[in-house]
Every structure is written in structure tokens, then in C-alpha cells.
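# Below are the sequence and a predicted model for it; my questions follow.
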Amino acid sequence: MGKKALAKGEYTEDGLIVFANSISNRPEAKSMSSYVSITRQQMINDGILEIVDEDTLRFTKDQIFPSPSQAAAVVLARNANGWVEWKYPDGRTLDEV
């Protein structure tokens, strides 16, 4: 998904579930919305994301997000369109499916 991020998940009618042990970028893009930054910090505070090193965070459990874009933004540490960032193993995007 970008830089060191390596996340897996599943799109459901309830939202996008990012699976435990997925890796998120730690450094946040300067252009990232404050909402995503606050969400990431709260997830660290709640133990959902744990700091691995200066570059990465790890999901300690499955986490559901209301939209693919919010999940992608948290994982990539930047604003993101989850409909094109999340891809199936065959390379197709959520939007294409």
C-alpha cells in the first residue's frame, strides 16, 4: 500500500476491516487531515496500534473502519482514496470490483 505499509483487510457491509498484524506507516504526511491524525493517536492510546519502530505501527487486533478511505488514510498516514488504494491479490481495486 505504500512506503512500509503492508495491510490486509476485508470489505464488508459494515465497513472495511483491517486485520491484526497489518503494518501502518508511522510518519504522517504534512497534508494529512487532522481528523485522521487524531484517530491514529487515539488508536495508539487505546492499544489498537502499537509503535514498532520509527517507520511503522502495527495493528494489535482487527479494526473496522466505516469506509475504505478512512482505513487507507490511517494505514498510509496520509489522505487517501480507499476505493483505489485497497487492492485484491489479483491487482483489482475495490472500485473495480
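Arrived safely, thanks for sending.
# residues in contact with the residue lying closest to residue 18 once chain neighbours are set aside?
Excluding the flanking residues, the one nearest residue 18 by C-beta to C-beta, 6 or more residues apart in numbering is residue 9, at 4.4 Å. The way it works is simple: take the backbone N, C-alpha and C, and place the C-beta from them, glycine included. The neighbours of residue 9, taking C-beta atoms under 8 Å, 6 or more residues apart in numbering as the test, are 16, 17, 18, 19, 22, 71, 86.
# hey, where'd the strands end up in this protein?
Assigned strands in the chain, in chain order: 9-12, 15-18, 23-25, 49-51, 56-59, 63-65 (criterion: DSSP state E).
# Name the surrounding residues that touch the fifth one.
With contacts defined as C-beta under 8 Å, 6+ apart, strand 56-59 is touched by 4-5, 7, 18-26, 40, 44, 48-52.
# if we go to 7 Å?
For strand 56-59, the external contacting residues (C-beta atoms under 7 Å, 6 or more residues apart in numbering) are 4, 18, 20-26, 48-52.
# Can you tell me the strand partners of that strand and which way each runs?
Paired with strand 56-59 in the same sheet, following DSSP bridges, are strand 23-25 (antiparallel), strand 49-51 (antiparallel).
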